[in-house]
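Structure for the following, please:
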Amino acid sequence: MKFFIALDSGGYKTQSVLFDETGTVYAFDYGRGANAFDIGPEEATSRLCFSIDTMKNRLPAGEKLSGIFGSVSAVFYYPEIEERVAKHVGLSRCKLDSIVCSVMAPILGKDDGVCLISGTGSYCCVRQAGEHRKYIGSSGYMLDTGGSGFVLGRQALIATQRERDGRGPKTLLTEILEAEMGETLREHLPVIYAGGRTYISSFAHAVFSARKQGDAVAARIFNEGVSYYEEDMQTAYRIMGKPFKAALGGGLFINVPEYAQAVSARAPEGCELKVLDTPTLYGAALEAMWLCGEGIPAGFKTRFIETYNAQPNLHTGW
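Next comes the predicted model:
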């Protein structure tokens, strides 16, 4: 039997699984995010190695790993992370690639297409045969991560601050956020700054909740996020020169159907958008199999999902 490890790691969390060539999942781990933009390459490497070691320790007696694939945010900019991880595990078939891989693989396979992600951060990626992947925006929260949980959460906090200051309109966001905080926004500032980007992202849910209740400020924030992805798709259309198939992933698109639907409604004519309907780690598992030259056997997807969902302490989220 051949065994593999798949990882999916963004700004908020790192998830990993140990599975075999039939798609049977033997172990699952949930840990802290390993985006090197946030924590630096050394700490990112440490967290990824910890997740891999946790999975290796669950190998059946006498068995060895055949390969490892990880979809990891920002890893392209820090090639030393892959080098150090591969050296740590002593495995030649160990590859770390973009976070978009876990989303594209189940929906697009190896075909051309586009990937849109909305989670803690946001991505838009265009893939064409014979070309390097082209990223639109996708440059991190300091420069360009529109439509993401971080931006929506930050805008909700700003709207609350503006209402409290008397500079902005009354909004349900203030009531929702301050009830969750258990104190006023200004009193909560030390917690917000200590929590950073991932904590701010956790407030994005307030935008969707307030919008459903008819709040105009939340509706504006929601629509700004949708418009960001519309611009991405229009740019992707110009690059590809034809309608495309797009894979949508990330916690917001997966867990907030109205957000994904609003983005899909803005797609260029003829384009087909599909939201990821498998665990994100399933895409990384496919990539691990392909990395090792393995075909995908019949029943692989069904076995993977069933045994993955049966794992104890399974965590999901944005």
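
Show me the shaky parts of the stretch 1-150 of the chain.
The model of the stretch 1-150 of the chain has no residue with pLDDT under 70.

Counting residues, name the longest helix you see in this protein.
Secondary structure of the chain per DSSP state H: the longest helix is helix 216-240.

For it, what is the distance to the chain centroid?
18 Å (C-alpha atoms, centre = their mean, to the nearest Å).

and what of stretch 284-293?
Computed by C-alpha atoms, centre = their mean, the chain-centroid distance of stretch 284-293 equals 19 Å.

Residues contacting that stretch, please?
2, 4-8, 17, 19, 21, 23, 66-71, 93, 95, 97, 101-102, 105-106, 110, 295-296, 300, 304 (C-beta atoms under 8 Å, 6 or more residues apart in numbering). Heads up, the C-betas are built off the backbone N, CA and C, glycines and all.

Give me the buried entries from the residues you listed.
Buried members of those, scored by 16 or more other C-beta atoms under 10 Å, are 4-8, 17, 19, 21, 23, 66-71, 95, 97, 101-102, 105-106, 300, 304.

Give me the subset of those that lies in strands.
If you go by DSSP state E, the buried ones among the contacts of stretch 284-293 have 4-8, 17, 19, 66-71, 95, 97 in strands.

Report the buried residues of the one helix or strand residue 282 maps to.
According to DSSP states H and E, residue 282 maps onto helix 280-291. Burial within helix 280-291, assessed by neighbour count using 16+ other C-beta under 10 Å, is assigned to 280, 281, 282, 283, 284, 285, 286, 287, 288, 289, 290, 291.

Make sure residue 127 is actually in contact with residue 107.
No: with contact defined as C-beta atoms under 8 Å, residue 127 does not count as touching residue 107 (11.6 Å).

Spit out the residues that contact the two alike.
Common neighbours of residue 127 and residue 107 (criterion: C-beta under 8 Å, 6+ apart): residue 113.

tell me the contacts of residue 143?
Taking C-beta under 8 Å, 6+ apart as the definition of contact, residue 143 has no neighbours.

can you check residue 79 too?
For residue 79, no residue meets the contact criterion (C-beta under 8 Å, 6+ apart).

quick one: it from residue 45, how far?
Counting by C-beta to C-beta, to the nearest Å, the gap between residue 79 and residue 45 amounts to 11 Å.
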